[in-house]
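Asks: From the sequence below, what's the structure:
(2 chains, ligands or ions: 1)
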Amino acid sequence: MVNWKDKKEFWITGAKLADPEAGKIKAGSILVQKGLISEIQWQKKVETELPVFDCEGFLIAPGFIDIHTHLREPGNEDKETIATGTAAAVAGGYTSILCMANTDPVIDDPSVVEYVNRRAQTDGNCRVYVTGAVTKGLDGEQITEFFHLKKAGIVALSDDGRYIANSSVMRTALEYARMLDLPVIVHCEDPYLTDESQMNESYVSTRLGLKGAHAASEEIAVARDIRLAQLTGARLHIAHVSTEGSLELIKAAKKKGVAVTAEVSPHHLTLDESLLESYDRNLKVNPPLRGLSDIAALRTALNDGTIDCIATDHAPHTEIDKQVEFNFAPPGMTGLETSFAQLHTELVLNGKFELIDLIRMLTTGPAGVIGLSGGKLAAGVPADLVLIDPKEEWVFKKEMIRSKASNTPLIGKKFTGRIKGVFLEGRWCSDVS
Amino acid sequence: MQFNRKDLLGLEDLSAEHIKLILDTGDNFKEVLSRKIKKVPALRGVTIANVFYEPSTRTRMSFELAEKRLSADIINFSKATSSVKKGETLRDTLENIKAMKVDIVVMRHGSSGAHKFASEFLDASIVNAGDGRHAHPTQALLDMMTLREHWGTFNGKRVTIIGDILHSRVARSNIWGLTKMGAKVTVCGPPTMMPVDVERLGEGGVRLEYDLRKAIEGADAINILRIQLERQKNSLFPSSREYFEVFGVSSEVLKAAPPDCIVMHPGPINRGVEIAQEVADGKQAVILPQVTNGVAVRMAVLFLIAGGKVEEDENS
Ligand SMILES: [Zn+2]
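Replies: Residues are numbered from 1 along each chain as shown, chains lettered A, B, ... in the order given. Okay, the predicted model is just below:
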């Protein structure tokens, strides 16, 4: 195979191109020059003297963007590093990720932002955008220096993993963030109602004897934050929405013109609480896996505009972390490497969701939420692209995993649709043969 | 009939035939316990580890006695849950048990599902001696053995379980076992101590009744759960005094039940909180016979888990 890593100028031909902005998938060819898309021709082949990267039978889309990744560096490099997390991202078709601030130390100071940016430059395998913490040490009390953090390069604010329980602090944060036009990403959970909870509160939790968190604990938090966003005019983004009631609140707020956006995770769209019967700690996530009616509502919301994007909440943990009693296991599962294949298999191939809409939810959707430039298929933008074989059937095996962590319940799952590699600024990166 | 199961994790996935087999075997061992020499060689050469992460003098003594009566070799491990910060300890303990080539592990653990984890980790058989708020199958089996001694059958019998159903593994296991054997179960207690959709538990479901007198009207047995006063950090009821007033079983309250209604309690009892002294000592109470049956039924479980065969009884 040609070494495409060094080619400065070439055509990608033969593929179908997915253009999420135009909402179409059509045969086309892309000219890449100096890392940029310089021309798109809506025809399968082109007459050219330049080298041709033939993608016959495949699909090309803008590189995926994940706005909810936990990279664990600095501080928990045994779980994940910037190098391994971005390698996992590339394996899943992502060319940009937004990392969360709950590292150790927390990303609550410009020096930590600079550290992450520097490591991303030296070890990163894809673009890394950084989230700054809303409050110092995620303590929920004292807001961080938003201005200085923004100058250091953050593109969003979040205490993800924790809910800012003090409404006055939250109001202050939103007002201040609005001045700087920074979106605030919120993890909605009333901590008093979810105290020591292990899963969704329902008949399943009754049977399993695990403490449940009722949907109301999320919805109360969503309602408050929407009200404060309305009050302050700030851009509010609700992370990993998981209940039907939250969706109703978001839908109503959007109708009123509140600047609220929302994401849903691949696992909340595809896995339900009844799987917890196995007490598999890899299924323990926060918010917890919900019931079938919530899943149905989430799927509907993908199509009706209530949900703006899909984000993985990739949360790596070591095997030892998870090899404990259910109630001691930290919540979270990895997701970067499986999100497309899982959603394509479970939603698109089952006729619940159009392929182009799935791609939009992974590209322009998340880009729009944070205000990032990527996600488009247009001349003049960086050639960040993903090459997909929509027909390939494959089994997700542990040895394929690029993340340092393997806390996923999907090992051994058979998927249809596989990421073959990405172009990052026109550079071909792939380890799939 | 053979038991043919590696573990006893709960009663939910056990068939009525299996439960009957355990109870029948328990009856046989109870006969052994009334002999002058109470020991049989049934488990000679079998090594059992009693692994207790939660202190429980009663259950541990009962299992240990059952094991000794069966001539098993025993090792004991106990660790207070409070000192277990992270679960690595469980994994480490299990690794050690694995290395010691133990045959049966009797485990009590404060985390729901810990036994499932252990059973996937170990080749040894796991007997659940209580996990979190999930299951306590041998307690339910001894309750059922006691009831069957009085009734001869479960069909059409009515049992009312009173107290903190939410946190009770005893209640869950009793509901699964009793409904599977044909009894009807009513639960009664404050709504703050009722799990979601409690009515759907068990085969054929349970009846939920908040009025104590109505709940025990027509009951053939009542099972009064211990109120875990130490667990009341979010105070699920205002005070012990009020609890006793509304849900405590006094001799006055007991008049609402038929005179031959049996009174059970898994122990240890809180006098004047969930049960009055005169009821605990009263002639309807079978709290001490429950303890005796506990040894017999645990002998039965260990014997069957170890692969012991029972003579077929043509008449049963
Ligand atoms: Zn979160």
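
Asks: Which parts of chain A are helices?
Replies: Ranges of helices within chain A are A:82-91, A:110-123, A:146-152, A:167-179, A:191-194, A:203-208, A:215-232, A:244-256, A:266-270, A:292-304, A:319-322, A:339-343, A:355-362, A:364-370, based on DSSP state H.

Asks: Indicate which one of those is closest to B:Lys184.
Replies: When those are compared by Cβ to Cβ, helix A:203-208 sits nearest B:Lys184, at 18.9 Å. For the C-beta atoms, the positions are set from N, CA and C on the backbone; glycine is no exception.

Asks: so how far is the closest one off the chain centroid?
Replies: Relative to the centre of its chain, helix A:203-208 is centred 30 Å away, using Cα atoms, centre = their mean, to the nearest Å.

Asks: residues in contact with that helix?
Replies: Residues lying outside helix A:203-208 but in contact with it, judged by Cβ atoms under 8 Å, 6 or more residues apart in numbering or on different chains, are A:198-199, A:211-212, A:273-274, A:276-277, A:279, A:291, B:12, B:112-113, B:134, B:172, B:195-198, B:200-201.

Asks: Select only the buried ones of the residues you listed in PyMOL?
Replies: The buried residues among these can be selected in PyMOL (16 or more other Cβ atoms under 10 Å in any protein chain shown) with this line:
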select buried, (chain A and resi 198+199+211+212+273+276+279+291) or (chain B and resi 12+112+113+134+172+195+196+197+198+201)
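
Asks: and stretch A:160-167, is it in reach of the ion?
Replies: Yes. Using Cβ under 5 Å from the ion, stretch A:160-167 reaches the ion at A:Asp160.

Asks: Can you measure across that stretch, start residue to end residue?
Replies: 16 Å (Cα to Cα, to the nearest Å).

Asks: any idea of the pLDDT on A:Arg207?
Replies: What the model reports as pLDDT for A:Arg207 is 97.

Asks: my bad, should have said B:Phe3
Replies: pLDDT, read off for B:Phe3, is 88.

Asks: for it, what are its contacts?
Replies: Contacts of B:Phe3 (Cβ under 8 Å, 6+ apart): B:18, B:21-22, B:304-305, B:307-308.

Asks: returning to what we had before: export the helices of chain A to a markdown table and tack on mean neighbour count?
Replies: Below are these laid out as a markdown table (neighbours: other Cβ atoms under 10 Å in any protein chain shown):
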| stretch | mean neighbour count |
| --- | --- |
| helix A:82-91 | 26 |
| helix A:110-123 | 17 |
| helix A:146-152 | 17 |
| helix A:167-179 | 18 |
| helix A:191-194 | 15 |
| helix A:203-208 | 23 |
| helix A:215-232 | 21 |
| helix A:244-256 | 19 |
| helix A:266-270 | 23 |
| helix A:292-304 | 17 |
| helix A:319-322 | 16 |
| helix A:339-343 | 25 |
| helix A:355-362 | 23 |
| helix A:364-370 | 22 |
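
Asks: Ok, which of the ones you listed comes nearest A:Lys413?
Replies: That would be helix A:339-343 among these, by Cβ to Cβ, at 7.5 Å.

Asks: Backbone dihedrals for the closest residue to the ion within the stretch 101-250 of chain A, both of them.
Replies: The ion sits closest to A:His187 of the stretch 101-250 of chain A, with a gap of 3.6 Å, by Cβ to the ion. Phi and psi for A:His187, reported as degrees, to the nearest 10, are phi -100, psi 110.

Asks: quick one, what contacts the nearest residue in space to it that is not next to it in sequence?
Replies: Nearest non-adjacent residue to A:His187, counting by Cβ to Cβ, 6 or more residues apart in numbering or on different chains: A:Asp160, 4.8 Å away. Counting by Cβ under 8 Å, 6+ apart, A:Asp160 touches A:68, A:100-102, A:131, A:185-187, A:239.

Asks: Repeat the analysis, applying 10 Å as the threshold.
Replies: For A:Asp160, the contact set (Cβ atoms under 10 Å, 6 or more residues apart in numbering or on different chains) comprises A:68, A:70, A:100-102, A:131, A:133-134, A:138, A:185-187, A:239-240, A:313, A:315.

Asks: likewise A:Glu337?
Replies: Each residue near A:Glu337 by Cβ under 10 Å, 6+ apart is listed here: A:87-94, A:312, A:314, A:396, A:400-403, A:406, A:408, A:410, A:419.

Asks: circling back to that earlier point, by neighbours, which of the contacts of B:Phe3 wins?
Replies: B:Ile22 (28 neighbours; other Cβ atoms under 10 Å in any protein chain shown).

Asks: and the strand or helix carrying it, C-alpha only, in PDB?
Replies: According to DSSP states H and E, B:Ile22 maps onto helix B:16-33. Extracted as PDB, the C-alpha positions of helix B:16-33 are listed here (Å, rounded to 0.1, in the frame of the first residue of the first chain):
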ATOM      1  CA  ALA B  16     -40.500 -25.100  43.400                       C
ATOM      2  CA  GLU B  17     -39.200 -28.700  43.100                       C
ATOM      3  CA  HIS B  18     -35.700 -27.600  44.200                       C
ATOM      4  CA  ILE B  19     -37.200 -25.700  47.200                       C
ATOM      5  CA  LYS B  20     -39.200 -28.700  48.100                       C
ATOM      6  CA  LEU B  21     -36.100 -30.900  47.900                       C
ATOM      7  CA  ILE B  22     -34.200 -28.600  50.300                       C
ATOM      8  CA  LEU B  23     -37.100 -28.500  52.800                       C
ATOM      9  CA  ASP B  24     -37.500 -32.300  52.700                       C
ATOM     10  CA  THR B  25     -33.800 -32.800  53.200                       C
ATOM     11  CA  GLY B  26     -34.000 -30.200  56.000                       C
ATOM     12  CA  ASP B  27     -36.700 -32.300  57.700                       C
ATOM     13  CA  ASN B  28     -34.400 -35.400  57.500                       C
ATOM     14  CA  PHE B  29     -31.500 -33.500  59.100                       C
ATOM     15  CA  LYS B  30     -33.700 -32.100  61.800                       C
ATOM     16  CA  GLU B  31     -34.400 -35.700  62.800                       C
ATOM     17  CA  VAL B  32     -30.600 -36.200  62.900                       C
ATOM     18  CA  LEU B  33     -30.400 -33.200  65.200                       C
END
